[in-house]
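Colleague: need a 3D model of the following:
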Amino acid sequence: MPKFYIKHLTKYTYTDFVIDGANQIMLFPVENDYQKVLSQNITISNNPKIETYQDAFKNTIGTFMVIEPHNYLSISSDVEVETTERLYPEDSVPIHQQWNELKSIKHHTEFIDFLKYKTFDGTPEILDMIQSKNLNVLSPFKIVMEFCGYIYDHFKYIQGITAVDSKLDLVWKLKAGVCQDFTNILLQMVRMSGIPARYVSGYICPSDENTRGEGATHAWIEVFIPFYGWLGIDPTNNVIANQFHVKLSSGRDYHDCAPVKGVYKGNAKDELFVKVKVGTVKSTTENLVFPINKSDKTINSYRKNQEVIQQVQQQQ
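Modeller: The predicted structure is shown next:
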């Protein structure tokens, strides 16, 4: 059972003092049969009290307030987590029975949100791809893996070419992006096939393979395989998400899983710094250091009582 040490740092610096910061964090790794949190320490500047609750998707969410004037906000999460390898689907149930099972659950409340897809420029081409598949031969699991391989083979991994709010149309046109983009495309492909799929946020950990997406929060999907359950699929690396993937949260899309977001009152412009380090050895001497505040005093428009998603970190 691998053990990983994860340090996730987030800092906002403001060009002037702000007040009444209300924030939400989704930095708590999921605990289940395959993932156990051995320890976690979250440190926040001004030392606010963190309240936690579970959302509709069973993610743990933390909320806190920083009422007093402040010109920066820092959030540090140190996690020690142990993972266990899971068995892959045997895919032995007759294929027609698997597809019939998916048809029978499509109106269940547990799956409705994970079957809705967005139409975009690539929709007609994807529908043609789906219609060309022989569902008498290909099981839901095999179709998902074919789509995962398609994205891996036809989309280039290029950091910085897209942003957190890039549209599916742009990603499809560029045939390039990072893990968040690949996850969003695969999510639509799988849902259009009638297979429930959800967005997953987390970390990818060091392994013997040459993986893409280390050093940042990572994204992949989970699909519902009939007579098996939910299974993680990582299109960025064309692999099944297993013991080297640490899951933070899941939902309909990125907005359900954003690691940090919040609002504040103030006439200030903010700047974001994020750093993630994942290792197999606990370090007692190495610290990830926040950058020194810049002297930029550019003032932004007044943002009061307006929700601003502070963390625009793109999952790599």
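Colleague: distance of the residue nearest to residue 158 when sequence neighbours are not counted relative to residue 184?
Modeller: Excluding its sequence neighbours, the residue lying closest to residue 158 (C-beta to C-beta, 6 or more residues apart in numbering) is residue 176, at 4.7 Å. C-beta coordinates here come from the backbone N, C-alpha and C atoms, glycine included. Residue 176 sits at a distance of 13 Å from residue 184 (criterion: C-beta to C-beta, to the nearest Å).
Colleague: what's the longest strand seen in the chain packed up against?
Modeller: Across the chain, the longest stretch assigned as strand under DSSP state E is strand 3-25. With contacts taken as 3 or more C-beta pairs under 8 Å, 6 or more residues apart in numbering; DSSP states H and E, strand 3-25 sits against strand 60-66, strand 70-83, strand 197-204, strand 260-265, strand 270-279.
Colleague: burial count for the residue nearest to residue 158?
Modeller: By other C-beta atoms under 10 Å, the residues close to residue 176 number 17.
Colleague: pLDDT weak spots in the chain?
Modeller: Within the chain, the stretches with pLDDT under 70 are 208-210, 213-215, 284-314.
Colleague: now do the strands in it.
Modeller: Using DSSP E, strands in the chain cover 3-25, 35-44, 51-54, 60-66, 70-83, 156-157, 176-177, 197-204, 218-225, 229-234, 239-240, 245-251, 260-265, 270-279.
Colleague: so which elements touch the fifth one?
Modeller: It refers to strand 70-83. If contacts are counted by 3+ C-beta pairs under 8 Å, 6+ apart, strand 70-83 sits against strand 3-25, strand 35-44, strand 245-251.
Colleague: same thing but 6 Å
Modeller: Applying 3 or more C-beta pairs under 6 Å, 6 or more residues apart in numbering; DSSP states H and E, one finds that strand 70-83 makes contact with strand 3-25, strand 35-44.
Colleague: reformat those strands into a markdown table and put distance to residue 211 and mean neighbour count next to each item.
Modeller: As requested, the helices and strands packed on strand 70-83 are arranged in a markdown table below (distance: least, C-beta to C-beta, whole Å; neighbours: other C-beta atoms under 10 Å):
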| stretch | distance to residue 211 | mean neighbour count |
| --- | --- | --- |
| strand 3-25 | 13 | 19 |
| strand 35-44 | 18 | 14 |
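Colleague: among those, which is nearest residue 89?
Modeller: Nearest to residue 89 among these is strand 35-44 (18.7 Å), distances taken as C-beta to C-beta.
Colleague: do you know how far the residue nearest the centre of the chain is from residue 262?
Modeller: Relative to the mean C-alpha position of the chain, the nearest C-alpha, by C-alpha atoms, centre = their mean, is the one of residue 201, at 2.1 Å. Separation of residue 201 from residue 262 (C-beta to C-beta): 17 Å.
Colleague: also residue 45?
Modeller: Residue 45 sits at a distance of 13 Å from residue 262 (criterion: C-beta to C-beta).
Colleague: now for the two: what residues contact both?
Modeller: Residues touching both residue 45 and residue 262 (C-beta atoms under 6 Å, 6 or more residues apart in numbering): none.
Colleague: between the two, which one's more packed in?
Modeller: In terms of neighbours (other C-beta under 10 Å), residue 262 is the more surrounded of residue 45 and residue 262; the figures are 21 against 15.
Colleague: what's across from that one in the sheet?
Modeller: Beta bridges link residue 262 to residue 23, residue 308 when assigned by DSSP bridges.
Colleague: so it sits right up against residue 20, yeah?
Modeller: No. If you go by C-beta atoms under 6 Å, residue 262 and residue 20 don't touch, sitting 10.3 Å apart.
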